[in-house]
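1. predicted model and sequence below, questions to follow.
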Amino acid sequence: MATFTERMAPVLVLWLAVFLSGTWAVDKGNFKTCDQSSFCKRQRALKPGESPYRALLETMELTNTRLTLQLINDNNKVRLLLELYRLQGNMTRVKINELKPLKPRYEVPDVLIREPPTEPLRHVPTVNNLFENLPDENGVVLSLGAESQRVILSARPFRLDIMEGRDVVMSLNSRGLLAFEHLRMRKDTFSYKVTSTVASVWNNIKRVFSSSQADPEAEKKEEADPAAQPEAAKEEEKDEDGMWEETFKSHTDSKPNGPSAVSLDFSLPGVEHVYGIPEHADTLRLKTTENGDPYRLYNLDVFQYELYNPMALYGAVPVMLAHNAQRTTGVFWLNAAETWVDISSNTAGKTVFGKMLDYVQGSNETPQTDVRWISESGIIDVFIMLGPTPKDVFSQYASLTGTQAFPPLAAVGYHQCRWNYNDQEDVAAVDAGFDEHDIPYDYIWLDIEHTDGKRYFTWDPHKFATPKEMLQGLSDKKRKMVAIVDPHIKVDSNYKIHNEIRSRSFYIKNKDGGDYEGWCWPGSAGYPDFTRADMRDWWASMFAYDQYEGSMENLDTWNDMNEPSVFNGPEVTMHKDAMHGAWEHRDVHNIYGFYVQMATAEGLIQRSGGVERPFVLTRAFFAGSQRYDNAAEWEHLKISIPMCLSLGLVGISFCGADVGGFFKSPNTELLVRWYQTGAYQPFFRAHAHLDTPRREPWLFGPENTALIREAVRQRYTLLPYWYLQFYHAHRTGEPIMRPLWVEYPEDPATFALEDEFLIGRDLLVHPVTEEGARGVTAYLPGKDQVWFDVHTFQKHNGAQNLYIPVTMSSIPVFQRGGSIIPRKIRVRRSSSCMMQDPYTLYVALNLQRTAEGELYIDDGHTFNYEKEFIHRRLSFANNVLSSVNLAPEAQFSTGSWIERIVILGASKPSKVLLKTDDGQESQVEFDFDASMSVLTLRKPGMNAGADWNVMLQ
């Protein structure tokens, strides 16, 4: 795994694509509610303000890297160990575990790219008048570096407050909902009876020999010494239903370790808007959950689901962002078990009028959002990202888990998929259809039917008899293929993959020690234990060309069903008491799909000798990659936008809805609008269910074919800009498709917008998602900004709601004044065919008549981009447009040149001069459209990788 760790560790958590999954009518009875999940029901029953936990300040130890102290539950006398770290980059880490657990509790490995570097914590005397109400015996104040940043640790009850000056930024356990179910012996076991009898005898002996006068110092010493607290001295705790065994429908969870849930509440003063914790088919701004179920994070194969519902879907990213006009913060709850997130707010349900009335009447109630995380097992390990800007939070999270993988350029193009293309002849016919109708594409996909009886790493011997011939035909046109490889393995003694996994004992085990078997596409299937590094290494080796027969370098991979999906399991997934070595499946469930994708990506890297960037699509994800299916309905088109925005906020940029919807048959209007929306989402793929009619773009009449062609061609002209955004996402962790508030964090009008979005900083898109729409209203942000319609070049002022009439050909897109966007106007059959084609620069001037942008070029497919690339700063000021090298140490050359420059908001010059890096000057031809203030410079001709200046005189 050295190659993967060194080359991909920064990105393995955060890569690939998301699609939506829709429904005719979900059977919610197949999936648990909080009341049906015993640990969630127990924790939710706790009342605020009754915390039994206090900090034992005498146990505190402060070193150069961390603070540790013990917490005690006064009800049962169980001790916890609190660890507090100040991390580089304005973050704080809080870990809570049992001080002396009966056995180790699961701590999530492999997600953090390294052990986060720490910075010194410093004890601050409480004589400072900021903390005058905090007596020394009830708390500790710690500095977080900056003079105004502090952590206040209160002892009784235990509480942490993170302060900026006199303002509370975030509080932990302020509502007293910390809960930590300690591991214990079951009361009806022989071991428990022996232990409790011995403890009872010991207590009697102590009472006989104790003095009549209690020694306060001895009592204090005993309280500080956990060894002096035998098990039987703890208050008797009653067992509740579901602690040691739980049944859902026909499935029983044996729970051999008993109750082990953890919970902690966070309070966010001044915050009304929280985001993140995907995946849910819900609004961008998370709703309060007081009158319903909490948001659930538990990877599930939900073949059908409801919109605007907190139920769990295919993936889980336990990251939440909080935002107001002054600050953005984030919480990363590192736990891979089933998790529920409760949200409450003191302004929930108030109308705008109600808030105005509060203001007029002088109500001084500060808005506050309270969030509570509840996980079934593991420990509390939470990273608090203190921003203060949105981009700071993205950077902080990226420093922990890595950034978006940098995909090959072809992956940013258009993908054609359905379940399933029938055979090689079908693939060839579809491929030829794109050429015949002059529609570009880069990838064609094969679903499960291409295999020999659902045996992955194989081909159907009749329908795909000569796969290399098929792949070579695509390669000759510079196109690629994706084939599915699922992680459930057909139990078949004639199947090499199954025999190898079984002989190496790589399958997950059931609670009795045998290989776990469940029902999936092949019938009876085994499930490899991808949490094992040796299993992942073996799996990666199966992608070698001599192992995966029929594969070639232009074949990439799709991991589906990796939640894992078990058709006959509880909630269509694996039993929680299945075993991954020493750990139960309940401990690792949400990280299983992450490990499948890790192993597959490493396999694709290894097969190329570490040269080629892999493309792997995964459905299940944990702080990582994802894929969803959807129905051909207008509501599913509409909700694809907030779902993708939510994923981008937690580091997953390669996201897009299945164009056309996975289920049902869209009418032509919906299909066209879906292509128009998908062309402006990071991942652009059409996909459809086995039982839907064929949907290739040319099957809906010449008019609609032309509209779809235009949408796809718009995608390809913008590939230089899209590729630049992926490069930035890889370098910075910033989302590609982003909510407007990310760039306009002080504008409350942007905080809940979810029907429009930005691509990078400079393109604003408002797709048409309403049936029969004749117009849309877009909000153009920025008080002192201007925006240009990219189709008409019409200029509009910022900070306004703009009504835009639309027809079926309309895709409302605006370029920000002050930006420069590179395009390639010559569209060919695939992205690789366009590599050496010339660029057109679109320069949109702001009110100060300046603009800036970038141009990024590399080979489009290898890891050589780390040293061999072109990265240039494009800037316009004082009537001079210049190109400056941002990476003089990098070596790369291109045959591409600048074919045209279009300046929006320009004045007419008397002449235009080009000065190249060799000092030569020449005149440039131009056209000027006075009615639109558009200046077009024709064929200036300089190389895209060179220094040059264009002067308007």
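-> All right, it came through fine.
2. show me where the stretch 501-650 of the chain has its strands.
-> Ranges of strands in the stretch 501-650 of the chain, per DSSP state E, counting those that start in this stretch, are 517-520, 523-526, 555-559, 579-580, 583-584, 616-618, 621-622.
3. ok, the stretch 851-953 of the chain next?
-> Going by DSSP E, counting those that start in this stretch, the stretch 851-953 of the chain shows strands at 851-857, 870-877, 880-885, 898-904, 912-916, 921-923, 925-929, 934-938, 948-952.
4. circling back to that earlier point, which among the strands of the stretch 501-650 of the chain is found nearest to L112?
-> Within these, the stretch nearest L112 is strand 621-622; the backing value is 12.4 Å (CB to CB). Just so you know, the C-beta spots here come from the backbone N, C-alpha and C atoms, and that holds for glycine as well.
5. contacts for that closest one, please.
-> 13, 16, 111, 279, 299, 314-317, 336, 590-591, 593-594, 597, 652 (CB atoms under 8 Å, 6 or more residues apart in numbering).
6. out of the residues you listed, which one sits closest to M574?
-> Closest to M574, out of all of the contacts of strand 621-622 and judged by CB to CB, is N299, at 10.0 Å.
7. hang on, the closest one in a helix?
-> No. Looking at N299 with DSSP: H, G, I helix; E, B strand; the rest coil, it is coil, so not inside a helix.
8. start the count at 400 instead of 1 going forward.
-> In the new numbering, first residue 400, that becomes N698.
9. neighbours of the residue lying closest to it once chain neighbours are set aside, how many?
-> Leaving aside its chain neighbours, N698 sits nearest to E962 (4.1 Å; criterion: CB to CB, 6 or more residues apart in numbering). Look at E962: counted by other CB atoms under 10 Å, it has 29 neighbours.
10. let me see the contact set for R1160.
-> 1142, 1215, 1218.
11. give me the neighbour count for the first one.
-> Looking back up the chat, that one is E1142. With neighbours defined by other CB under 10 Å, the count for E1142 comes to 19.
12. ok, now the second one?
-> R1215 has 24 neighbours, counted by other CB under 10 Å.
13. that one contacts A1243, correct?
-> Yes. Using CB atoms under 8 Å, R1215 is in contact with A1243, at 6.5 Å.
14. hey, what's in contact with both of these two?
-> Joint contacts of R1215 and A1243 (CB under 8 Å, 6+ apart) are D1161.
15. just so I have it, where are all the strands in the stretch 400-549 of the chain?
-> Assigned by DSSP E, counting those that start in this stretch, the stretch 400-549 of the chain shows strands spanning 452-461, 466-472, 478-486, 490-497, 517-518, 521-523, 538-542, 548-553.
16. same list (those) but as CSV, adding mean pLDDT.
-> Formatted as CSV, the strands of the stretch 400-549 of the chain follow (pLDDT from 0 to 100):
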stretch, mean pLDDT
strand 452-461, 97
strand 466-472, 97
strand 478-486, 98
strand 490-497, 98
strand 517-518, 95
strand 521-523, 90
strand 538-542, 93
strand 548-553, 95
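17. could I get the full set of helices for the stretch 950-1099 of the chain?
-> Assigned by DSSP state H, counting those that start in this stretch, the helices in the stretch 950-1099 of the chain fall at 984-987, 991-1006, 1033-1048, 1067-1077.
18. what do you get for the stretch 550-699 of the chain?
-> Under DSSP H, counting those that start in this stretch, the stretch 550-699 of the chain gives helices at 589-608, 615-623.
19. worst mean pLDDT among those?
-> Between these, the one with the least mean pLDDT is helix 615-623; it has a mean of 48.
20. where does pLDDT dip in this structure?
-> 400-425, 525-535, 588-635, 703-704, 747-763, 1023-1033, 1062 (pLDDT under 70).
21. which one of the contacts of strand 1020-1021 has the most neighbours?
-> A715 leads the contacts of strand 1020-1021 on contacts (other CB under 10 Å) with 34 neighbours.
22. any idea how far the most centrally placed residue in the chain is from R935?
-> In the chain, the centroid-proximal residue (CA atoms, centre = their mean) is I1051; its distance is 3.7 Å. Separation of I1051 from R935 (CB to CB, to the nearest Å) stands at 21 Å.
23. thought N819 was touching W844?
-> No. Assessed by CB under 8 Å, N819 is found out of contact with W844, at 9.0 Å.
24. ok, those two, which is more surrounded?
-> More neighbours surround W844 than the other of N819 and W844, with 24 against 18 (other CB under 10 Å).
25. phi, psi for the more buried one please.
-> Dihedral angles of W844 (phi, psi; degrees, to the nearest 10) stand at phi -120, psi 150.
26. hang on, the earlier thing: turn the helices of the stretch 950-1099 of the chain into TSV, columns for distance to V770.
-> What follows is the helices of the stretch 950-1099 of the chain, written out as TSV (distance: least, CB to CB, whole Å):
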stretch	distance to V770
helix 984-987	23
helix 991-1006	24
helix 1033-1048	15
helix 1067-1077	31
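27. for R901, find the nearest of those.
-> Going by CB to CB, the one of the helices of the stretch 950-1099 of the chain nearest R901 is helix 991-1006, 17.7 Å.
28. how far is that closest one from where the chain is centred?
-> Distance of helix 991-1006 from its chain centroid, counting by CA atoms, centre = their mean, to the nearest Å, is 18 Å.
29. can you point out the buried residues in stretch 901-917?
-> 901, 905-910, 915-917 (16 or more other CB atoms under 10 Å).
30. closest to V1323 among those?
-> F905 (64.7 Å).
31. what residues are up against the closest one?
-> 899, 927-928, 931, 933-934, 937.
32. find the residue closest to it in space, skipping its chain neighbours.
-> With CB to CB, 6+ apart as the criterion, F905 has its nearest non-adjacent residue at 4.5 Å, and that residue is M934.
33. in contact with the one you found, which residues?
-> By CB under 8 Å, 6+ apart, the neighbours of M934 are 900, 903, 905, 927-928, 998.
34. and L1003, by the same measure?
-> Counted by CB under 8 Å, 6+ apart, L1003 has contacts 942, 955-956, 1011, 1013-1015.
35. and if you look at G1294?
-> So G1294 contacts Q1235 (CB under 8 Å, 6+ apart).
36. same question, D664
-> 447, 571-577, 769-772.
37. can you name the residues bridging to it?
-> Counting by DSSP bridges, D664 forms beta bridges with R771.
38. for V881, same thing?
-> With DSSP bridges as the rule, V881 is bridged to W844, D955.
39. residues near I783, how many?
-> 22.
40. contacts only, for it.
-> With CB under 8 Å, 6+ apart, I783 has these contacts: 490-493, 561, 569, 728-730.
41. which one of those residues sits closest to K1338?
-> For the contacts of I783, the nearest to K1338 is G729 (48.3 Å; CB to CB).
42. in which helix or strand does the closest one reside?
-> G729 belongs to strand 727-732 when assigned by DSSP states H and E.
43. need the next SSE after that strand, C-terminal direction.
-> Next element after strand 727-732 (DSSP H and E): strand 738-744.
44. on contacts alone, who are the packing partners of that following strand?
-> helix 437-443, strand 694-696, strand 767-774 (3 or more CB pairs under 8 Å, 6 or more residues apart in numbering; DSSP states H and E).
45. nearest to F782, of these?
-> Using CB to CB, the helices and strands packed on strand 738-744 put strand 767-774 closest to F782, at 12.3 Å.
46. neighbouring strands of the following helix or strand past that closest one in the sheet, and parallel or not?
-> Once strand 767-774 ends, the next helix or strand along the chain (criterion: DSSP H and E) is strand 779-784. Strand 779-784 sits in its sheet next to strand 490-497 (antiparallel), strand 727-732 (antiparallel), going by DSSP bridges.
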